[in-house]
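A.B. asks: The sequence and its predicted three-dimensional model are supplied below.
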Amino acid sequence: MHELCEIRSRGLVSGTRRNSPEGVALREAGLTGRFGALTPDGIQLATGIRSARYKLVAERSTRAGTHSWRLWVQPGVGSVTVSEEGDREKVDVLSFASAIARLTAWLPLNPFWPIVDGEETEDHVISDEVIDARVRGEHVDIPDWAPSGLAHRWPGEWTSFVVGDPKTEEGVPIVVIDGATHLCRRFDEGCRLQLVPSDWVLTAIWDLIARGRARS
C-alpha cells in the first residue's frame with residue numbers, strides 16, 4: 001500500500017519500480033497498468049487513503065503470529081480496508097458499516113461471551129513476557145495465586161488484540177484467555193487484566209470509533 005500511494009501521476013513508472021515485488025503485486029491486483037500508472041481502481045484506492053478524514057488501526061496476535069488491519073474513511077470515496085492475509089494484504093473498498101462489520105469478524109472475539117454468576121471478577125497482574133509466551137502457545141505453569149476460574153482457563157488458547165485511533169493514540173487493548181475477554185491496562189509491573197463481557201468490548205470499540213468520527 002505504501003508503494004501504491006507513492007505513485008502520484010499517470011505518467012510512466014521506471015522499469016525497476018514496475019518490476020519490483022511491490023510493483024508486480026500491484027499490477028497483478030489490477031491497481032496499475034502495463035507501464036506502472038494507476039488504473040481507475042488504483043486511483044480510487046490511493047485517493048481514499050491519501051485524503052482520508054478518519055483512520056482506524058487494529059492488531060491481533062495469535063499462535064499464527066501478529067497481523068494488522070487498517071481503515072481509511074473518505075466521504076464520497078468510501079472506506080478502504082487493508083488486512084494481512086498470511087504474507088499478502090487484502091484490500092477492499094466498501095461502506096463504513098461494512099468495514100466495521102469486517103473488523104468485528106476479524107478480531108479473535110466471541111461476541112456472545114458473558115460473565116457468568118459466581119465468576120471471579122478481581123483484576124489479575126500478569127507480566128508481558130508470560131502473556132506473550134501464552135499467546136505463542138508456549139507452556140507456562142499456572143501461578144499459585146490464580147483463582148479457580150483463571151486456573152481453569154489458563155491452559156486454553158490465549159490471543160490478544162488492540163483497536164486504536166492513531167490520531168489520538170486512544171485504544172481498546174484486550175487479552176482473551178480461553179474465550180474470556182480481559183481489558184488490559186499496562187503499567188510497570190506488567191499488565192492488569194480486568195475480566196469484562198464481550199459486549200462491553202464491542203461497545204468500547206464502537207465508542208472509540210464514534211469519538212474519532214466526531215473529531216474528523
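C.D. replies: The structure has been received and is ready for your questions.
A.B. asks: What score does F96 have for pLDDT?
C.D. replies: On the pLDDT scale, F96 is placed at 88.
A.B. asks: now G48
C.D. replies: For G48, the predicted pLDDT is 69.
A.B. asks: The one 5 residues further on now?
C.D. replies: At R53 the predicted local distance difference test score is 82.
A.B. asks: go on, W113?
C.D. replies: For W113, pLDDT reads 75.
A.B. asks: Specify the local secondary structure of it.
C.D. replies: When classified by DSSP: H, G, I helix; E, B strand; the rest coil, W113 comes out as coil.
A.B. asks: what separates it from R186, distance-wise?
C.D. replies: 23 Å (Cβ to Cβ, to the nearest Å). Every residue, glycine included, has its C-beta placed from N, CA and C.
A.B. asks: Quick check: can you list the domain ranges of the protein?
C.D. replies: 1-48, 124-197 (automatic domain parsing).
A.B. asks: how far is the last one from where the chain is centred?
C.D. replies: Spelled out, it's domain 124-197. With Cα atoms, centre = their mean, to the nearest Å as the basis, domain 124-197 stands 16 Å off its chain's centre.
A.B. asks: Would you enumerate the residues in contact with the residue nearest the centre of the chain?
C.D. replies: Using Cα atoms, centre = their mean, the residue of the chain that lies closest to the mean C-alpha position is A58, 2.2 Å off. Residues near A58 by Cβ atoms under 8 Å, 6 or more residues apart in numbering: 68-70, 103, 106-107, 161-164.
A.B. asks: nearest to R88, of these?
C.D. replies: R88 lies nearest to S68 out of the contacts of A58, by Cβ to Cβ, at 12.7 Å.
A.B. asks: give me every residue that touches the closest one.
C.D. replies: 57-59, 83-84.
A.B. asks: Likewise for G33?
C.D. replies: Neighbours of G33 in contact, by Cβ under 8 Å, 6+ apart: 27, 39.
A.B. asks: repeat that with 7 Å
C.D. replies: G33 makes contacts with T39, as judged by Cβ atoms under 7 Å, 6 or more residues apart in numbering.
A.B. asks: Check Q194 too.
C.D. replies: Contacts of Q194 by Cβ under 7 Å, 6+ apart are 123, 182-183.
A.B. asks: how about the strands in this protein?
C.D. replies: Applying DSSP state E to the chain gives strands spanning 54-62, 65-74, 78-85, 88-94, 124-126, 158-165, 170-177, 180-187, 190-195.
A.B. asks: do you know which of these lies nearest R27?
C.D. replies: strand 88-94 (14.1 Å).
A.B. asks: buried ones in the closest one?
C.D. replies: By 16 or more other Cβ atoms under 10 Å, the buried positions in strand 88-94 come out as 91, 93.
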